[in-house]
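*Asks:* Sequence and predicted structure are below.
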Amino acid sequence: MAQNTSLEKPILHVEILQRRRSVMAKDVLMHEVDTILKNMGKTYVDSHIKEFPNSGLQEHILHIKICEVQDNADVKEVELCNVMPRYYVYQLECDGPGIEELNEGEEEIPAATYWILPAAEFDNYWENLVFDTNIKEELLNYIRTTLLFSDRKICESIISWNKVVLLHGPPGTGKTTLSKALAQKLSIRLEPRYKYAQLVEINSHSLFSKWFSESGKLVQKMFTKITEMVEDPQSLVLVLIDEVESLTCSRASCSNGTEPSDAVRVVNAVLTQLDQLKKYPNCLILTTSNITGTIDLAFVDRADIKQYLGLPSKGAIYQIYHSCIIELERTGIIVDSERLFTLKELTLIKMAESKVTQPSLLLMKIAEQSQGLSGRTLRKIPFLAHALYIHAPRVSLYDFLFAMEKAVQKQLKDREKISQPSPQLLPYSNLIPTPHPQFRTHPPPMPLSPNNHRPPLPSRTVHPFPIPTPISFYSPPPPIPNLTPPPAISPN
């Protein structure tokens, strides 16, 4: 089905998940879905359609996902007569990841893990990521611009772009998940352009050889295999380098002797290979880092986007908890629940207190208490709440919210205890007593004179220890008593 590129109406992106056993042509599926949407008249962004008027479509379509309106991220309710739908039909790959190995002498090392996209493991990653900024839309726009400039044959010596993205921030903020979700999304959106797509995640730690000067050669071997993949113009290759600081540590620290010289060869090899991959329009490099201060500036300069992902705010935490509760309601663990308002609905009514908004405001209170926790930890709170404080297969919404509040408080207390040093473990420096001044082995340094020359030391002998008074271990014998016999006594 031909895509309408009219500029009069905004584009509504619609993704159609086709069942694995279905053999219906994609253009036929697009036509059937287009008929369904026209009859609906109105729909909502981020909604799923799983029931169809034509019962025969159930055998071919798993669900229809209404995605974003392009360049209108805040639009939630969509009048279908005012938009131009753009359809994407895809099937999920269920084969799982594969391992790419490299030869290092007689050993085989797992240098990378790869997935054929779109992969079942990454399904719904994109929708479940919540950020305070429009980073997801910005990344999609970045890809659109990259493709546009490549198609128009823009001279890269005049306008340069490297197709490298750097996501950095604290641990657990969704950097790696966002990278995999972006790869999954691109494999769906660019399906008309590329016949197949794959994600290659480089194992940074495996590329360091135990043999000196061999690490740089392993990096070159890995990127040589990637180059072979991208040489196929019908293949979309997305390369993920997690914890990129392992391969791109600052060469300044290496020159200071704090890093081995072999690490310099690794950095040079990575930079050289990135420059060579720059010319391929079907390759994108995604990198993540927790400690950007140690990354070489030459690599940072090559990144087109350097996006910081911080800890979620109160509003983002509320959306994360809201999605978790909706999932528990769907699976029947939370029963007899009242309606939870979305963040946008609570904002519109200005957090007004009432019987209807009471559970939503309680969840907002829990979100406020959860500030400072990472997104990875927040996703665990519902599980911990049920595991620690609920011992039943089904629970009411209020009981679950109270359990979540207890789980958050326990999590914060546990983190505080871990951050405090153990009172039984003292630093080694505290175990060494400070010597008494009279036992110093050297005299204290003398101050410098005004012309920065130290005066000569006085001619005296400095003893490391005070000389004790000599002690004699010989004692003279006691005086001999007078043994003269007494005079004799007369018998008279």
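*Replies:* Cool, the structure landed. Residues are numbered from 1 along each chain as shown.

*Asks:* CA only for contacts and neighbour counts going forward, please
*Replies:* Will do.

*Asks:* confidence score at D232?
*Replies:* On pLDDT, D232 comes in at 95.

*Asks:* try the one 4 residues further on
*Replies:* Per-residue pLDDT puts L236 at 96.

*Asks:* Could you do E8 as well?
*Replies:* Note for E8: predicted pLDDT of 77.

*Asks:* likewise S250?
*Replies:* Looking at S250, its pLDDT stands at 77.

*Asks:* please renumber so the chain begins at 58
*Replies:* Right, with 58 as the first residue, what we last looked at is S307.

*Asks:* Once you drop chain neighbours, what's closest to it?
*Replies:* Nearest residue to S307, sequence neighbours excluded (Cα to Cα, 6 or more residues apart in numbering): D353, at 3.8 Å.

*Asks:* Just give me how far the helix ranked longest in the chain sits from the chain centre.
*Replies:* Secondary structure of the chain per DSSP state H: the longest helix is helix 454-476. Its chain's C-alpha centre and that of helix 454-476 lie 23 Å apart, by Cα atoms, centre = their mean, to the nearest Å.

*Asks:* Now for this protein, the helix or strand with the poorest mean pLDDT.
*Replies:* Of all helical and strand segments in the chain, the minimum by mean pLDDT, DSSP states H and E falls on helix 308-312, at a mean of 67.

*Asks:* tell me the contacts of A409?
*Replies:* By Cα atoms under 8 Å, 6 or more residues apart in numbering, the residues touching A409 are L403.

*Asks:* From A424, how far out is it?
*Replies:* Here the criterion is Cα to Cα, to the nearest Å. By it, A409 lies 17 Å from A424.

*Asks:* Output the below-cut-off pLDDT ranges for this structure.
*Replies:* 58-64, 266-270, 310-317, 479-549 (pLDDT under 70).

*Asks:* how does it divide up, domain by domain?
*Replies:* 68-146, 155-365, 371-472 (automatic domain parsing).

*Asks:* Reformat those as JSON lines; add distance to P478.
*Replies:* Below are these laid out as JSON lines (distance: least, Cα to Cα, whole Å):
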{"stretch": "domain 68-146", "distance to P478": "46"}
{"stretch": "domain 155-365", "distance to P478": "21"}
{"stretch": "domain 371-472", "distance to P478": "12"}
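
*Asks:* CA-only coordinates of stretch 191-199, as PDB, when you get a sec.
*Replies:* What follows is stretch 191-199, C-alpha atoms only, in PDB (Å, rounded to 0.1, in the frame of the first residue of the first chain):
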ATOM      1  CA  ASN A 191      11.100  13.600  25.000                       C
ATOM      2  CA  ILE A 192      14.300  11.700  24.500                       C
ATOM      3  CA  LYS A 193      12.500   8.900  22.600                       C
ATOM      4  CA  GLU A 194      11.000  11.300  20.000                       C
ATOM      5  CA  GLU A 195      14.300  13.100  19.700                       C
ATOM      6  CA  LEU A 196      16.100   9.900  18.900                       C
ATOM      7  CA  LEU A 197      13.500   9.000  16.200                       C
ATOM      8  CA  ASN A 198      13.900  12.500  14.700                       C
ATOM      9  CA  TYR A 199      17.600  12.000  14.700                       C
END
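
*Asks:* Any chance you could list what contacts it?
*Replies:* Contacts for stretch 191-199 (Cα under 8 Å, 6+ apart): A130, L239.

*Asks:* E65 looks like it's in a strand, true?
*Replies:* No. Per DSSP: H, G, I helix; E, B strand; the rest coil, E65 lies outside any strand segment and is coil.

*Asks:* Please tell me how far it sits from S112.
*Replies:* According to Cα to Cα, E65 and S112 sit 34 Å apart.

*Asks:* cool, and Y455?
*Replies:* 39 Å.

*Asks:* neighbour count winner among the two?
*Replies:* Neighbour totals were compared for Y455 and S112, and Y455 leads with 17 against 9 (other Cα atoms under 10 Å).

*Asks:* Find the nearest non-adjacent residue to the more buried one, please.
*Replies:* Y455 sits nearest to P416 (Cα to Cα, 6+ apart), 7.1 Å away.

*Asks:* can you tell me the helix or strand for the one you found?
*Replies:* Per DSSP states H and E: P416 is located in helix 415-426.

*Asks:* who touches that helix?
*Replies:* Under the criterion Cα under 8 Å, 6+ apart, residues 371-372, 374-375, 378, 395, 397-398, 408, 410, 454-455, 458, 461-462, 465-466 lie in contact with helix 415-426.

*Asks:* so R308 makes contact with D353?
*Replies:* Yes. Contact criterion Cα atoms under 8 Å: R308 and D353 qualify, at 6.3 Å.

*Asks:* Overlap of the contact sets of the two?
*Replies:* V324.

*Asks:* These two - which one has more neighbours?
*Replies:* R308 (24 against 19).

*Asks:* list the buried ones in the one helix or strand A320 maps to?
*Replies:* Per DSSP H and E, A320 falls inside helix 318-334. The neighbour-count check on helix 318-334 (16 or more other Cα atoms under 10 Å) flags 319-328, 330-331, 334 as buried.

*Asks:* Generate a markdown table for those, with distance to P290 as supplementary columns.
*Replies:* Shown next, in a markdown table, are the buried residues of helix 318-334 (distance: Cα to Cα, whole Å):
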| residue | distance to P290 |
| --- | --- |
| D319 | 35 |
| A320 | 33 |
| V321 | 33 |
| R322 | 30 |
| V323 | 28 |
| V324 | 28 |
| N325 | 27 |
| A326 | 25 |
| V327 | 23 |
| L328 | 23 |
| Q330 | 19 |
| L331 | 18 |
| L334 | 13 |
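
*Asks:* Which pair of those residues spans the longest distance?
*Replies:* The span of those, defined through Cα to Cα, is set by D319 and L334 at 23.0 Å.

*Asks:* what's the offset of stretch 425-441 from the middle of its chain?
*Replies:* Averaging C-alpha positions (Cα atoms, centre = their mean) puts stretch 425-441 15 Å from its chain's average.

*Asks:* start to end distance for it?
*Replies:* Length of stretch 425-441, first residue to last, Cα to Cα: 18 Å.

*Asks:* picking that back up, flag every buried residue along the longest helix of the chain.
*Replies:* Neighbour counts over helix 454-476 (16+ other Cα under 10 Å) mark L454, Y455, F457, L458, A460, M461, E462, K463, A464, V465, Q468, L469 as buried.

*Asks:* what's the neighbour count on P290?
*Replies:* P290 is flanked by 15 other residues according to other Cα under 10 Å.

*Asks:* For the closest residue to it other than its chain neighbours, grab phi and psi.
*Replies:* Spatial nearest neighbour of P290, chain neighbours left out: N339 (6.8 Å); criterion: Cα to Cα, 6+ apart. The phi/psi pair for N339 (degrees, to the nearest 10) reads phi -100, psi 20.

*Asks:* mind listing the helices for the stretch 158-307 of the chain?
*Replies:* 182-185, 192-208, 232-246, 272-287 (DSSP state H, counting those that start in this stretch).

*Asks:* What distance do you get for L149 to V140?
*Replies:* Counting by Cα to Cα, the gap from L149 to V140 is 27 Å.

*Asks:* Hmm, I typed the wrong one, I wanted Y182.
*Replies:* Distance from Y182 to V140, by Cα to Cα: 26 Å.
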